[in-house]
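Asks: Turn this into a structure:
(3 chains)
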Amino acid sequence: MRPETQVAPSLAVTVLVSVGRHPLTGRGRQADQDARGVELARSIPQAEVSLLHAGPLGDASETALRGYLGMGFESLLLLEQPDGADVLPALAERLEAAAPQLVITGERAEQGEGSGLLPYLLAERLGWPLVSGLAAVEEVAEGVATLLLALPRGQRRRLRVRLPVIVTVNAAAPSPRQSAYGPARRGQLVLEEAQVVHDEELAKWQVQPARKRPKRLKIIKAASARDRFKAAAAKAEGGRGQVLTDVTPEQGAEAILRLLREEGVLRR
Amino acid sequence: MSESNSEMLRRDPRQAWIARNRLHPRHLEVLAELGTGGGQEAASEWLGPNGLIRRNPRTVGFIGPHGVKRIDRSGVQQGRVVAGAQASPAACKPLVEIEAPAFLVAVVPDMAGGRLTSHDRDLLGLARQLADADPDSRGAVLAVVFGGHKENGVGDAGIDRVLHFDDEAFAGFSPEARLGALAAVEQAWTPRHWLLPDSPLGGADLGRRLAARLGERPATGVWQLEADAGSPLGWCCTARGAANSLDIRRPLPRLALILAECAEPVSETRHAARLLALPEALPPQLARLEDLGQVAVDPAGVALSEAEFILSAGNGVRDWEGFHHAAEVLRATEGASRVAVDDGHMARDRQVGATGTWVSARVYVAVGISGAIQHLQGIQRCDKVVAINMDPGCDMIKRADLAVIGDSARVLEALVALVEQSREEKRHAA
Amino acid sequence: MLETLLPILIFAALGLALLGAGRRIRLWRQGRPSPVPILKGLAAMPRRYLVDLHHVVARDKAMSNTHVATAGGFVAAAVLLILVHGLGLGSGLAGGVLGWALLVASATMFLGSLFVYRRRRNPPARLSKGVWMRLPKSLMAFSLGVFAITLLRVGLLPEGLLEGAGGWILALVLAAVVTWGLAEMVVGMTWGGPMKHAFAGALHLAFHRRPERFSTKAGGEGRSTGLKALDLDDPEAPLGVETPADFTWNQLLGFDACVQCGRCEAVCPAFAAGQPLNPKKLIQDMVVGMAGGSDAAYAGSPYPSQEPGGKPVGEHSLERYGSPHGPIVASLHEHDGKALVDAETLWSCTTCRACVEECPMMIEHVDAIVDMRRFLTLERGQTPNKAPEVLDNLIATDNPGGFDPGARMHWATDLELPLMADLQQVDVLLWLGDGAFDMRNQRTLRALVKVLRAARVDFAVLGNEERDSGDVARRLGDEATFQSLARRNIATLATYRFQQILTCDPHSFHVLGNEYGELGGVYEVRHHSTYIAELYEAGRLAFRPWKGGRVTWHDPCYLGRYNGEYEAPRQVLRALGIEVAEMERSGFRSRCCGGGGGAPITDIPGKRRIPDMRMNDVRETGAELVAVGCPQCTAMLEGVVDAGAEVRDIAELVAEALVEPSTSVATDAVGHDARSIRHLAEEVPL
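Replies: Numbers count the residues shown, from 1 in each chain, chains lettered A, B, ... in the order given. Just a heads-up that it's a prediction; the model follows:
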């Protein structure tokens, strides 16, 4: 390997990975945010990255977990848990024992409740600080990490935090490297027993495929009949657009500007 | 009243005569004098000499789009009437004051840029539903606001109580300090409901922190609320789960993170928005996250798939400098058609289309792009498409919600000028 | 004196050559084992040389004749040289005949070498220079030397010429010339030199990795173009080629046979587009890797690059260094600089097989490139640009675009296509391909359906049960995804009964027909152009005469070069009343559209775009319309800006020209003479 990795002290990084679900076909896959987390971990020069998953081992989950191995890992630690188990105690116990400096995970799981609460509960339980929505780890030196936080619309904020810390990543983090078939096939899924706590509350909830949310109607609380009529007779969405021919550039620009303002994309 | 009565009785037969005679050269002038508004327009109504209302039907109404005269009985059309009625719409909304609330519904709005976002308003609408459900024991909506705010319609949004933390410690990025404050609120008043927006602007993060701190299992991604007597809090919610692929129906817990458009914003009542203060001062906080400030980001560097406003160039663009300048001024992310990329004008990662990046911008402005099928496929998910093109027959125009036919360079130039001018005006106004 | 010297020289040369052969064979044997029938291969070699190889060489008449004279003369001369001068059989009547024969042989060879010389005076850019420039002189040295010593032997020269001091000098000069000739032509054959191609080439023909590609006495044009499957069940089996030694030994032998004629370079679309690929250089790099060393001795065109002059050769010998067990492509993460080829060179290939078609030495460039891509994709996960996304889509949604697999039939809701699931048994299974998701290709599919209905073909589609054929995954080196798709498709197809599969996508056509067989799926597959030609022949279609302008036909690589179908589409166009204005590069020389092998996905930048060049070819014919038969070609050629010609699929042209016979007429006429039905059909009011 490169010489500097021997000089610099290594940094123990654990990435919590979950089994994702393709939005169209529902097939098991690497969860997108977790895979980004793995990529983020890989981008830290002195990191020694290990992968951790808690959940059941089956065909679909094995394909997905091997997907992470295909990103260049020899092994992945799997805390075996049955379906419907609360994986928090098992993960917290394991992290307490292994004591990594940095824990990276995706913001939300693609299966199950997907509440995105797990990293917060882990942080609360371990007493570590948490940063959500990371775009990059800029530097780790002397136990202090400089992080780049992703804000909406591609904005960024810089933070400094003392290790250990839990960070979560979302779609703003670097896109994951390709998972290669060879390493995925060769990599080891190391199984480990862990305590099992059933999530009884979850079992009581009614779960069904997501319904399409109704589009909000513009309710016109107009004082006059004319306004109400106008709102009701307004052109339905999806019709042919407006075409401005024979206008001066200024008129055209005004029309465009009006649309940009209506859509609220023009920033001050 | 008496004065106007005495005036009314005083006649001017000549004026009345002119008012009746449409051919008189001073006819309009006199009509205007007789009109109540005294504006430039001719009056349509005035008091006749016998105390009767006289009408001039010719001045009523307006010429419609097809050249036909339309009369609007609502009266909106007539400017001066509206001006009179518009005295103060806020004032006419009933003011609701809840003196002794049965419980509190705590809402922590995002207040992005110091103003309530539309998401915040929806959330407050939902909070109102929770607070007003039982007319016998009404709750109050408490808004916890961090940092300086510029919102003056707080009461109109449905807020009964406001707790305002505008300490230096809460400015900028300060999730830990805010969490401490919310924990103090919990200790002081123990609200029955905690509602936060499940938004990337901060609510999602803060809400989950609060849940972990309070030890409450929150409902996240909630988009629907129904009364349900069987649930502990009397409500049942539907929340999105598993990356928006599941709907989870469950009793509403104390803490809920709510999606946008979950309820209609409050619009018919005004609320007191009375300022509240914590009974005790906040304990000093240990900030483990040190904020080094926001980093300047070039909009051109934003990934196309993330961008919500894209200015995209195609084969028809000749003035590349002007295009880049326009993108900079509009603060739009640059995109390109395949041809523009192939010709080396734009980088490959800027290519939009089936063979490039599939984009989902809110507004996609296609400059000089004729609209190959692959390109149109790539912009399927865009909300609004604007096309600027010379050729009115091209496919992009058919797709566009707004199309401007003309020289793209000149249109962009005009657009840039307009935007710069309006920014200039704002700066002076501020 | 010459009598004693010559046998020594000849046998020393033969001995050295034998030694060199042993060394050369050891180099090849570094490759992975690949069992071949040795004796059968050797026995088949002359036919492969004289028929198949000559078939390729004969495309250049002058060069073909030159080679016949030079090589034929040399082979004869070499054998006779051993007999006459080595074994001293030059005396007596038989010996006299041998001597005269040797004179004729060496004279022929000399004549040939004069043509070689003439060609080398102003060699075209595709030819390598360097050591190859001395070849004509060496040929002349050998032929002249042998001619001269044989003149002496048969006694045509006065006795006593070699006596005295002048004689000695003459003898020495002759011996020197012969030594030069022997060194180049015999020793050099196995020790590396221009003549290496003869030795390696002969053995390559005998032990070719793809013996099915050669014709047999039984006739028929051998054609084997499917890639070889990887064994994925064996966890020890290597995934693709990392180092030169990972090729099979006969692949290495094939690389060693390269004559650096540069025909591949001349036809390679990526090379012409200025993308960093030169098939000849690539094969030479493989030889460098096999033998170990740098490419400093290479004297041909380099890989093109964005900078003028192409990628530097030799100068960076430390960076371009190969060894049999060193990586061919440098890893992204370990920059120790010891690599032969840039990854982008491998990803520039469109797998159009123009190089393979042109190669007189029968080298399989495309298979080697895909072998190396397999390693990059399966082991390193370094498929460039959009390719990882496409592969992920194929894994998750069974189509490269990542579309909902349940939406595959949305385009055809109004057509009410019969489904295999409902019918279970039909004559023709219409394979739609991923074009079903592409708005442009949907027009072609609609046209094809219209044609099938007009001809009353009993057909059905798989509908949502269909998956991508796996073509793109395989060309991008993702053999695992290819096999997964293929096995599932085969399992689906196994549940239904049909006579043949029809598709309008030559890539699916090739993969289903030629590559599924190895995985257990054997089908009769038809490209729509072939099928329409058959329908027309059978009198089931009638067309109104063509009224448009000039039309040219673009041969898709996977239909033409891969599967030898050049005639059917032209037949269909003729039936439409179109006289095809052929492009200069058509038929087996057709230029790729740039859409194959995942090239649009990996998108390696060049100086020009391949489809632009192809549309230029179209423009040169003056055609207003270019007919195509492939969704990829349609997309690529339609993507050319300001193209003069319209791009239409052949199915669209057929559907437009269709004269639909009325129901009663058609049912009556089935089985009748084709002419009569056409005649009747024309009476139907339009």
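
Asks: Which residue is the nearest non-sequential neighbour of C:Asp342?
Replies: C:Pro276 (6.3 Å; C-beta to C-beta, 6 or more residues apart in numbering or on different chains). From N, CA and C alone the C-beta is placed, and that goes for glycine too.

Asks: What does the pLDDT read for the one you found?
Replies: On pLDDT, C:Pro276 comes in at 93.

Asks: which residues does C:Leu432 contact?
Replies: C:Arg408, C:Leu445, C:Val461, C:Leu462, C:Glu466, C:Thr503 (C-beta atoms under 8 Å, 6 or more residues apart in numbering or on different chains).

Asks: Which of those sits closest to chain A?
Replies: C:Arg408 (11.8 Å; C-beta to the nearest C-beta).

Asks: Give me the neighbour count for the closest one.
Replies: When neighbours are defined as other C-beta atoms under 10 Å in any protein chain shown, C:Arg408 has 23 of them.

Asks: mind checking how far it is from C:Leu493?
Replies: To C:Leu493, C:Arg408 is 16 Å away according to C-beta to C-beta, to the nearest Å.

Asks: Disregarding residues adjacent in the polypeptide, which is nearest to A:Pro152?
Replies: Nearest residue to A:Pro152, sequence neighbours excluded (C-beta to C-beta, 6+ apart): B:Pro200, at 4.9 Å.

Asks: which stretches of the chain have low pLDDT?
Replies: Since no chain was named, I'll use chain A. A:1-9, A:153, A:217-240, A:267-268 (pLDDT under 70).

Asks: Please refer instead to chain B.
Replies: Residue ranges of chain B with pLDDT under 70: B:1-10, B:35-44, B:46-49, B:59, B:61-67, B:72-92, B:299, B:430.

Asks: ok, now the stretch 151-300 of chain C?
Replies: Applying pLDDT under 70 to the stretch 151-300 of chain C flags residues C:159-162, C:219-222.

Asks: how about the residues of it near chain B?
Replies: Listed as neighbours of chain B in the stretch 151-300 of chain C under the rule C-beta under 8 Å from any C-beta of the partner chain: no residues.

Asks: Pick out the residue in the stretch 151-300 of chain C sitting closest to chain A.
Replies: C:Leu239 (4.9 Å).

Asks: returning to that earlier point: how far away is the residue nearest to A:Pro152 from B:Gly207?
Replies: Look at B:Pro200 and B:Gly207: by C-beta to C-beta, they are 12 Å apart.

Asks: for A:Arg42, same thing?
Replies: Taking C-beta to C-beta, one finds A:Arg42 at 31 Å from B:Gly207.

Asks: out of the two, which sits in the more crowded spot?
Replies: Using other C-beta under 10 Å, the more surrounded residue of A:Arg42 and B:Gly207 is B:Gly207, with 27 against 19.

Asks: Once you drop chain neighbours, what's closest to that one?
Replies: B:Gly207 sits nearest to B:Leu196 (C-beta to C-beta, 6+ apart), 3.6 Å away.

Asks: returning to that earlier point: now the phi/psi pair for the closest residue to the residue of the stretch 151-300 of chain C closest to chain A other than its chain neighbours, please.
Replies: Among residues not flanking C:Leu239 along the chain, C:Leu378 sits closest, at 4.0 Å (C-beta to C-beta, 6+ apart). Backbone geometry at C:Leu378, expressed as degrees, to the nearest 10, gives phi -80, psi -30.
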